[in-house]
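*Asks:* can't give you the sequence, but here's the structure:
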Ligand SMILES: Nc1ncnc2c1ncn2[C@@H]1O[C@H](COP(=O)(O)OP(=O)(O)OP(=O)(O)O)[C@@H](O)[C@H]1O
């Protein structure tokens with residue numbers, strides 16, 4: 001396992017008791033405000049000596065109260081990306097980057113200075129000071145600085161929270177590259193389902209200081225019982241490859257043999273992509289629908305119907321493209337006779353899949 005966290009701490013009115021062991025990749029710590037995410041990050045960072053238990057990253061024990069072992073924060077070799085870049089304002093971008101680089105001497109390099117600058121696309125801003133950067137550029141510099149610090153783990157605490165939607169879309173691909181191009185564990189805090197769907201390899205969902213669920217992101221997102229932010233935020237993720245770009249502005253994906261048409265994507269033909277299909281953008285039909293404007297009609301079989309307290313239900317459909325979730329009314333589910341084993345068709349409008357819900361696979 002890449003990250004192992006088994007910690008406890010009692011505050012007045014709040015008990016933190018968190019245990020998880022997760023593999024390599026990007027692990028999202030997910031949960032509502034006050035669920036304990038920052039407490040876990042602080043424990044891993046070595047900022048809270050009162051926290052009991054054991055933390056191990058990539059085979060290195062960082063703390064173990066039973067063995068009276070405690071590695072101080074500055075010796076943990078962690079790279080940080082915070083909500084606001086926290087760059088040194090009096091230094092240029094180059095000096096900010098070199099500072100972390102110098103501090104990390106003696107540890108194995110993850111990528112060279114030039115490679116990191118190239119990866120994050122910040123070659124043209126090296127001479128500027130942080131005050132002269134956009135919010136997105138600041139975060140790219142912060143990611144570069146974290147990487148150049150030769151960390152054994154990157155801690156990213158809501159790194160996109162302070163950015164507007166276009167800047168978020170600008171930064172997401174850089175976290176994808178960080179996840180895919182280095183075998184470096186990343187612990188990433190968010191309460192955005194869209195970020196979970198785009199980035200997570202593994203999800204640790206926290207609730208009231210405890211682990212509510214832990215598992216592979218694809219499994220949790222396609223589980224209709226996993227609705228931490230309510231049914232509106234539910235959506236499964238499909239893995240696909242770019243099949244071709246059509247002249248009329250659509251991109252055709254191949255999801256395990258099923259063709260899906262979406263608005264034009266930037267990814268080249270052959271590239272893997274992950275597509276989040278929001279449950280509320282899926283319509284179900286018992287017959288092959290005809291005369292519809294929607295371009296994507298995927299055959300499948302109902303594997304579960306989960307009703308909440310209100311008028312809605314989440315229907316999970318097993319299809320050749322992967323599991324698809326649909327949010328329908330209980331009335332429709334009954335009228336269509338949707339029960340486990342029913343064959344039906346999922347209808348997905350091409351334009352309902354937002355660009356930020358499509359990322360590198
Ligand atoms: N030093 C402390 N003393 C007392 N209570 C604390 C302390 N640190 C955290 N807590 C409590 O622990 C709980 C979890 O806080 P934490 O900041 O870890 O949550 P979070 O999930 O990161 O929230 P947010 O998303 O709002 O940042 C909160 O109820 C908080 O008040």
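*Replies:* Thanks, I have it. The structure displayed is predicted, hence computed values, not measured ones.
*Asks:* now stretch 255-269, how far from the chain's geometric center?
*Replies:* Mean-position distance between stretch 255-269 and its chain equals 21 Å (CA atoms, centre = their mean, to the nearest Å).
*Asks:* what's the span of that stretch, first residue to last?
*Replies:* One end of stretch 255-269 sits 13 Å from the other (CA to CA, to the nearest Å).
*Asks:* Okay, buried residues for that stretch please.
*Replies:* Within stretch 255-269, the residues scored as buried using 16 or more other CB atoms under 10 Å are 255, 258, 260, 261, 262, 265, 267. C-beta here means a position set from N, CA and C on the backbone, and glycine is covered the same way.
*Asks:* do stretch 7-14 as well
*Replies:* Within stretch 7-14, the residues scored as buried using 16+ other CB under 10 Å are 7, 9.
*Asks:* That one vs the ligand: in contact?
*Replies:* Yes. Residues of stretch 7-14 contacting the ligand under CB under 6 Å from any ligand atom: 11, 14.
*Asks:* SS state for residue 219?
*Replies:* In three-state terms, and counting by DSSP: H, G, I helix; E, B strand; the rest coil, residue 219 is helix.
*Asks:* List the neighbouring strands of the helix or strand of the chain with the lowest mean pLDDT plus their orientation.
*Replies:* Taking mean pLDDT, DSSP states H and E as the measure, the helix or strand of the chain with the lowest value is strand 358-360, at a mean of 81. Using DSSP bridges, strand 358-360 pairs in its sheet with strand 272-278 (antiparallel).
*Asks:* For the partner strand, give the mean pLDDT please.
*Replies:* Per-residue pLDDT values over strand 272-278 give a mean of 92.
*Asks:* hmm, back to that, what lies in contact with the least confident helix or strand of the chain?
*Replies:* 172-173, 176-177, 180, 197-199, 262, 265, 267, 271-276 (CB atoms under 8 Å, 6 or more residues apart in numbering).
*Asks:* Just to be sure, which of the residues you listed are found in helices?
*Replies:* Of the positions in the contacts of strand 358-360, 172, 173, 176, 177, 180, 197, 198, 199 sit in helices, assigned by DSSP state H.
*Asks:* If I look at residue 164, what pLDDT would I see?
*Replies:* pLDDT, the model's per-residue confidence, is 87 for residue 164.
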